[in-house]
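A.B. asks: This is a predicted model, with the sequence first.
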Amino acid sequence: MAMDRRPDDMVRITTPELADAFIAEQIEALRSQIGDRKVLLALSGGVDSSVVAAMLIKAVGDQLVCVHVNHGLLRKGEPEQVIEVFRNQMKANLIYVDATDRFLDKLAGVTDPETKRKIIGGEFIEVFAEEARKLDGIEFLAQGTIWPDILESEAGIKAHHNAGGLPEDMQFELVEPVKILFKDEVRVVGERLGLPAGMVYRQPFPGPGLGVRCPGAITRDRLEAVRESDAILREEFAKNGLEGKVWQYFTVVPDFKSTGVKDGKRTFDWPCIIRAINTTDVMEVTVEHLSNELIDHLVSRIISEVPGINRVLFDYTPKPPATVEYE
Ligand code: XMP
């Protein structure tokens, strides 16, 4: 039977052997919980849901139905990676929904950060529920709940996003195979399940995605500038040995323009802000200082490769007083 709480004396999973033992135990527990019935999973491509997917594919194969909702606010290459890893390599039963237009149409003209978050969260549940309704005989909902989620919800710090918000008539039994694990343990388990390192060791990414990095009303062109500049930043961090070392790094393209000059002509374009931070608990963060060479290289690439950008800025502000994200 699956465990509900992390035993006080549980050994931290830090080695392949410990991960393998955990996986074997969980697979047995999942098989006895699920039997020959069907399980649904919202697969974002983040570490937790990806590890849950990989574990369930091992345990119950095509009784698992994964739904990947592309809300149009994902990073460059993310939906493609989910399809490649889960559908092509792991042979998962994966439903891919490109809901970009739906989300961006709903978000058009919306400037308030919390309203944007609510629209993204609400629309996500609607799209997911619509897909779930098309399926027959689903009895379980799998979730990537981890131990800190449970501790934080018990401490009243954040609401446990437990099946949160699904319509009343859609009640499933929950399957939460990594809920007694800490994040570092989920990563070790993910590696042993054969997930690519780039997926298992990736930096945290907020649910509302690039939407909170395109402050104010989201437009497709500015969103594209965020996505392209973020891809350049990630590529350069990987090349320079900073991937996996710096806790979180991304770009923001604010909604104002400034004057510049290119090929002898005036430009009037957005700035791109680089943020790179380190932390242990995200309550307090420090800034990662980049080398001058890397900064110069980033500036030159972003300016020349990303349409709509004529200036690159670096955010030197710790938290507090600045939060990690811009809204
Ligand atoms: P802040 O901006 O609050 O961010 O200093 C702290 C950490 O939380 C992430 N973050 C979010 N994650 N939904 C999420 O899933 C959100 O709405 C959200 N807002 C911030 C942020 O990326 C950072 O790691």
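C.D. replies: Ah, there it is.

A.B. asks: Let me see the contact set for Phe256.
C.D. replies: For Phe256, the contact set (C-beta atoms under 8 Å, 6 or more residues apart in numbering) comprises 270-271. (C-beta placed from N, C-alpha, C; glycine too.)

A.B. asks: right, I mislabeled it, should have said Asp98
C.D. replies: Residues in contact with Asp98, defined by C-beta under 8 Å, 6+ apart, are 70, 79.

A.B. asks: buried ones in the helix or strand of the chain with the lowest mean pLDDT?
C.D. replies: Taking mean pLDDT, DSSP states H and E as the measure, helix 147-154 is the helix or strand of the chain with the lowest mean score, a mean of 88. The neighbour-count check on helix 147-154 (16 or more other C-beta atoms under 10 Å) flags 147, 149-150 as buried.

A.B. asks: Let me have the residues you listed in CSV, extended by distance to Asn88.
C.D. replies: Conversion of the buried residues of helix 147-154 to CSV gives the following (distance: C-beta to C-beta, whole Å):
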residue, distance to Asn88
Trp147, 31
Asp149, 30
Ile150, 34
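
A.B. asks: follow-up on the earlier one: who are the packing partners of whichever helix or strand comes after the least confident helix or strand of the chain?
C.D. replies: Tracing the chain C-terminally past helix 147-154 and defining elements by DSSP states H and E, one meets strand 173-175 next. With contacts defined as 3 or more C-beta pairs under 8 Å, 6 or more residues apart in numbering; DSSP states H and E, the secondary structure elements packing on strand 173-175 are helix 16-34, strand 138-142.

A.B. asks: For the ones you listed, give me CSV that also has mean pLDDT.
C.D. replies: Compiled in CSV, the helices and strands packed on strand 173-175 are given as follows (pLDDT from 0 to 100):
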stretch, mean pLDDT
helix 16-34, 98
strand 138-142, 96
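
A.B. asks: Could you identify which of those is most buried?
C.D. replies: Highest mean neighbour count among the helices and strands packed on strand 173-175 (mean count of other C-beta atoms under 10 Å): strand 138-142, with a mean of 20.

A.B. asks: from the chain's centre, how far out does that one sit?
C.D. replies: Its chain's average C-alpha position is 22 Å from that of strand 138-142, according to C-alpha atoms, centre = their mean, to the nearest Å.

A.B. asks: Parallel or antiparallel, which strands does that strand pair with?
C.D. replies: The strands that strand 138-142 pairs with in its sheet are strand 38-42 (parallel), strand 173-175 (parallel) (by DSSP bridges).

A.B. asks: Which parts of the last one count as buried, going by neighbours?
C.D. replies: I take that to be strand 173-175. Neighbour-count burial for strand 173-175, with 16+ other C-beta under 10 Å as criterion, is recorded at 174-175.

A.B. asks: what element comes up after it heading to the C-terminus?
C.D. replies: Criterion used, DSSP H and E; the element after strand 173-175 is helix 183-192.

A.B. asks: next one: phi and psi at the residue in the stretch 51-200 of the chain that the ligand sits nearest to?
C.D. replies: Residue of the stretch 51-200 of the chain nearest the ligand, by C-beta to the nearest ligand atom: Arg117 (5.5 Å). With angles defined as degrees, to the nearest 10, Arg117 shows backbone torsions of phi -60, psi -40.

A.B. asks: That one: what's it in contact with?
C.D. replies: The contact partners of Arg117, by C-beta under 8 Å, 6+ apart, come to 208, 211-212.

A.B. asks: Redo those residues as JSON lines? Include secondary structure, neighbour count and distance to Val65.
C.D. replies: JSON lines is the format used below for those (DSSP: H, G, I helix; E, B strand; the rest coil; neighbours: other C-beta atoms under 10 Å; distance: C-beta to C-beta, whole Å):
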{"residue": "Pro208", "secondary structure": "coil", "neighbour count": "22", "distance to Val65": "25"}
{"residue": "Gly211", "secondary structure": "helix", "neighbour count": "25", "distance to Val65": "26"}
{"residue": "Val212", "secondary structure": "helix", "neighbour count": "23", "distance to Val65": "29"}
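
A.B. asks: Report the entries of those that also contact the ligand.
C.D. replies: Contacts with the ligand are made by Pro208 out of these, judged by C-beta under 6 Å from any ligand atom.

A.B. asks: Past the longest strand along the chain, which element shows up next along the chain?
C.D. replies: Among the elements of type strand in the chain, defined by DSSP state E, the one spanning the most residues is strand 265-278. Per DSSP H and E, the first helix or strand lying C-terminal to strand 265-278 is strand 286-287.
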